[in-house]
Structure formats: structure tokens, C-alpha cells
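J.: The sequence and its predicted three-dimensional model are supplied below.
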Amino acid sequence: MITLNSPSQPNIQTSIQRQLSIPIANRSSRLRGVLNSTTADLLPPRKRHRPRPRRAHCRASKGKLRVLAALCGCGIRSVRYLVEAEADFVFANDANDENRKVITENLSQVESGSGDEARWAVSLTDANRVMTECYLKRDFFDLIDIDSFGSVSSFLRSSFNALKLNGLLYVTSTDGLWSDGHRPQQTLAAYGAYVQPMPYLNELGLRMLIGGAVREASVLGYRVTPLFSYYSYHGPIFRVMLQVNRGKLPDNKHYGFIGYCNSCGSCKEYSWVELGRISCPCSDSKVSKALVVSGPLWTGPLHDTAYITEMLSLAEEWGWAGSVTGTDLDKLLNQMVAESDPKLPFGYIKLDEVASRAKVNSPTLRAVVSTLQEEGYAVSRSHIESNAIKTNCPMEDCVRIVEQLHQR
Ligand SMILES: C[S@@+](CC[C@H](N)C(=O)[O-])C[C@H]1O[C@@H](n2cnc3c(N)ncnc32)[C@H](O)[C@@H]1O
Ligand SMILES: [Zn+2]
């Protein structure tokens, strides 16, 4: 194993655990997805199970899988695209010239090939420059991976330009400080969203990232849809897989404002036409300082159910899920499937907040979930916050339920 002695990337093993993604292919489509790194994140290196993956169907059905890792770091994820996803070609780029040796050494595990048979190439330059040059040469990619320290917004426009239609844009941002709700001017500058403190800020971070991509894509006449969204507090990391197509979002659907009332705890989505008329019923529809509004953000689903289900089935087929591997990957993917229930609104409710409003001790999550289900509400756990639920049950009813559970 080759070690990269850079302070920012201590070694390859660490990189594997922290930021991996393996493109997978659906039986019927050219390129449908990426099995997220959380597989590896959750699995101790010694126990990691590495079966030989089934050959990607995308090449068998419609064409090739060409990947551009525009900020590839030490190149380890690029190696995984080649070896595990069997990408036809990976273009690995990083602006830091000091990474040249380690990227090349890592990629050299795979025969480079030449001419039309080339499997990989390395470049050491600015990501926007590489993507713009690819666009000008009409050299388009099926998947572009943007894994940035900090914000990704400055790379969005050129990545859309270098992507094939129906391609995938995989963006990872680590600007957690920006999504803590105390730097609205910075979120506005980077993602065009004014984000204020709310109880589910880490979900807002994902929604801000997707919303920023929606906005940039629409400038070019593209529509983006999140296939899955993932938050990890290690970093923190905000990671989203987007599918990019021509067209626009119908009537700004899923791109609007999110309100949270600090007084009654209710959450609501507001559309653009409601601007200037936003209030909470708890203050008799008068202007209230308790009501905080953030946006515009992505307000639609964070995951595509069919897509995550496909990932789960592939993970099982590859032996990446289940008790054999000792990972929690299937747990995470099952949680994401549950979160993608279209009846569930944005955000999540922390049980501690409900308990505090009910003035009782926090109940067990299991008890709250089963009571909500008995009462006919949609409910799921949140992969973002362990002691929280996503539900269409209003806060006041959650409080009532928690009070009743306390009295039992
Ligand atoms: C988070 S790391 C990428 C890690 C990588 N995905 C991996 O799995 O090892 C971010 C990388 O972006 C590179 N970088 C920063 N700004 C860049 C730019 N404008 N163009 C290209 N690379 C850049 C840095 O040198 C760094 O290696
Ligand atoms: Zn209210």
C-alpha cells in the first residue's frame, strides 16, 4: 500500500475509509448509480470484504463508463472506479502538483493502455480549466466526481458543461461551518441560499448543496435530480449524487423556502409566491420573530427510492451488506429507502426537542415510531441524526404522543 505523506491526506487507507464511491450500473440503463463510500466508512479495514464485482452492465447495454475525478487527491477513488467499477476510462486530475507521484503510483496498479484503449490519464491543473477544456473538445463524461475541501459551488457550472446528458455529478462538500446557520451571507454567496439556524441544519446543508446545483443547472437549461444524499459528521461531509438532464424543474417545484417556528416548533415549506405573506398560525398570522425562514433550497426528496433499492440489491449481490461483512451498509441504505417515502416532509424532529416541549424525559425512539405508525402517520428514522424522526405528524401531536407515552 502506498502512503501519501501529506498532512491533508495521511495515507491511502484513511482515504479509502473516508471518501470512496464505486460506480455501479443498472441492468437496464447506461449508468445508474454509485454505491457510496459509507460501505467502507463503516467497515474496519481488516474485516473489509472485497468481492470481485459483477461487470458493469452499462457497458454491456449502451456504452462506456468514462469518469472524470476533477479533484482526485491521491487518486485512490480513481483506482476504485477503475478496479471495482471497471470504468473504461478515468481522467484523474488534481491541482496540487505534489500529488503527481502518488496519483501515478496508485493508478499504475492498472495497466494504463494507450490510444483508444487508454484506461486512465493524469493531469495536474485547476479543475475548472480541465472541465472547460473537455467541454471545448466535446470530450464528455458519464460521471464527474467533485470532491472538494470546502465549497463545491465554483466547480458546478463547468462540471455540467463537461457531463454527458443523463450523466451523474457526484459532489462532496465539507463546508460544515457554512451550514451551521450563523453565516447566512456566506451561504448566500456560495449557494444562493440564506440559511438561518434551525433544528435540522445538517439536512439543510444537503438541501443547500442540491439547491445550489439546481440553480446553476437551470442557467444552462439543465434539470438535476438527487439520486441519494448523504451526511456524515466526520468532516462534516455533505455528499450528493445528482442526475443531470436537459429541461427545467416544473414551476420551481422542490426549490423554495423552509420555515421553522421557534415558538410552536412547526415546520412549513413556502413557495416563491408566498414571499411577503409568511407567518405562523401560532402568532395569529402576524409577523413573528419566532418564525425563521431559510432559502431558496431544495425542498424535494433527498433520495430516489428506486435507485437506493437498486443500490441495496447490488450491495447484497456483491456481499457488501449483511452480517457477513460486519458493515452497517444495508442499515444505512434501508434507512435511506425509508427516508425517501414521498409522504415525509423535509427536516426531522429531534426527540429531545419534543421531550423538552412536553416537559418529560426523552422517550425511546422505538416507542415514538410505533405510536406514530399506529396513529397512521408516515415516519422514519433519519440517517443524519440518530435520535430524530422524520414524520408528517405535526409537532403538537408529537408532543401529545410523548406526554401519553410518559404517563404509561
Ligand atoms: C478532499 S481532497 C480529494 C480527495 C479524493 N477524492 C480522495 O478520495 O482521495 C481535495 C483535493 O482537491 C484538490 N484541489 C483543490 N482545489 C483544486 C482545484 N481548483 N482544482 C483541482 N484540484 C483542486 C486538492 O489538492 C485536494 O487534493
Ligand atoms: Zn408557530
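T.: Okay, I see it. Just so you know, these numbers come straight off a predicted model, no measurement behind them. Ligands and ions are numbered 1, 2, ... in the order given.

J.: Any idea which residue of the chain lies closest to ligand 1?
T.: Closest residue of the chain to ligand 1, Cβ to the nearest ligand atom: residue 73 (2.7 Å). Every C-beta, even on glycine, is put in place using the N, C-alpha and C of the backbone.

J.: Near residue 182, how many other residues are there?
T.: Residue 182 has 13 neighbours, counted by other Cβ atoms under 10 Å.

J.: residue contacts, it?
T.: Counting by Cβ atoms under 8 Å, 6 or more residues apart in numbering, residue 182 makes contact with residue 197.

J.: Swap in 10 Å and give it another go.
T.: Counting by Cβ atoms under 10 Å, 6 or more residues apart in numbering, residue 182 makes contact with 195-197, 201.

J.: which of these count as buried?
T.: 195-196, 201 (16 or more other Cβ atoms under 10 Å).

J.: which element is residue 217 on?
T.: If you go by DSSP states H and E, residue 217 is part of helix 201-219.

J.: can you list the residues of the stretch 1-150 of the chain near ligand 2?
T.: Neighbours of ligand 2 within the stretch 1-150 of the chain, by Cβ under 5 Å from the ion: none found.

J.: Now do the helices in the stretch 1-150 of the chain.
T.: Here the stretch 1-150 of the chain has its helices, by DSSP state H, counting those that start in this stretch, at 12-18, 38-41, 57-61, 76-83, 100-107, 127-136.

J.: Go through stretch 215-235 and flag the buried ones.
T.: In stretch 215-235, counting by 16+ other Cβ under 10 Å, buried: 215-218, 222-232, 235.

J.: Over to stretch 307-324?
T.: For stretch 307-324, a neighbour-count test (16+ other Cβ under 10 Å) marks 307-312, 314-315, 318, 320-321 as buried.

J.: What does the residue lying closest to residue 373 once chain neighbours are set aside show for phi and psi?
T.: Of all residues not flanking residue 373 in the chain, residue 379 sits nearest, at 6.0 Å (Cβ to Cβ, 6 or more residues apart in numbering). Main-chain torsions, residue 379, degrees, to the nearest 10: phi -150, psi 140.

J.: Help me confirm that residue 379 comes into contact with residue 370.
T.: Yes. Between residue 379 and residue 370 a contact is recorded at 9.0 Å, counting by Cβ atoms under 10 Å.

J.: Looking at these two, which one has more neighbours?
T.: The neighbour count for residue 379 versus residue 370, taken as other Cβ under 10 Å, is higher for residue 379 (22 against 13).

J.: any idea how far that one lies from residue 338?
T.: Applying Cβ to Cβ, to the nearest Å, the value for residue 379 to residue 338 is 9 Å.

J.: And for residue 236?
T.: 22 Å.

J.: quick one on the thing from earlier: any residues in contact with both of residue 379 and residue 338?
T.: What both residue 379 and residue 338 touch, as defined by Cβ under 10 Å, 6+ apart, is the set 344, 390.

J.: hang on, the earlier thing: remind me what the helix holding residue 217 packs against, helices and strands.
T.: helix 153-161, strand 163-173, helix 184-191, strand 222-232, strand 237-246, strand 255-261, strand 291-298 (3 or more Cβ pairs under 10 Å, 6 or more residues apart in numbering; DSSP states H and E).

J.: can we see that at 6 Å?
T.: The contact analysis (3 or more Cβ pairs under 6 Å, 6 or more residues apart in numbering; DSSP states H and E) places helix 201-219 against helix 153-161, helix 184-191, strand 222-232, strand 237-246, strand 291-298.

J.: And these: which comes nearest ligand 2?
T.: Nearest to ligand 2 among these is strand 291-298 (6.4 Å), distances taken as Cβ to the ion.

J.: Average pLDDT for the closest one, rounded please.
T.: Across strand 291-298, pLDDT averages out at 96.

J.: Restricted to helices, list the contacts of residue 182.
T.: residue 201 (DSSP state H).

J.: Need the contact partners of stretch 128-143.
T.: With Cβ atoms under 6 Å, 6 or more residues apart in numbering as the test, stretch 128-143 has contacts from 23, 31, 65-68, 93, 123, 158-159, 161-162, 164, 167-168.

J.: What is the end-to-end distance of that stretch?
T.: 15 Å (Cα to Cα, to the nearest Å).

J.: I'd like the average pLDDT over that stretch.
T.: For stretch 128-143, the per-residue pLDDT averages 98.

J.: Just the buried positions in it, please.
T.: Neighbour-count burial for stretch 128-143 [16+ other Cβ under 10 Å]: 128, 130-131, 134-135, 140-143.

J.: Dump these into JSON lines; add distance to residue 402 as well.
T.: Formatted as JSON lines, the buried residues of stretch 128-143 follow (distance: Cβ to Cβ, whole Å):
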{"residue": "128", "distance to residue 402": "50"}
{"residue": "130", "distance to residue 402": "53"}
{"residue": "131", "distance to residue 402": "50"}
{"residue": "134", "distance to residue 402": "54"}
{"residue": "135", "distance to residue 402": "54"}
{"residue": "140", "distance to residue 402": "53"}
{"residue": "141", "distance to residue 402": "49"}
{"residue": "142", "distance to residue 402": "48"}
{"residue": "143", "distance to residue 402": "44"}
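
J.: any idea which of the residues you listed is the one closest to residue 154?
T.: Nearest to residue 154 among the buried residues of stretch 128-143: residue 128, at 7.1 Å, using Cβ to Cβ.
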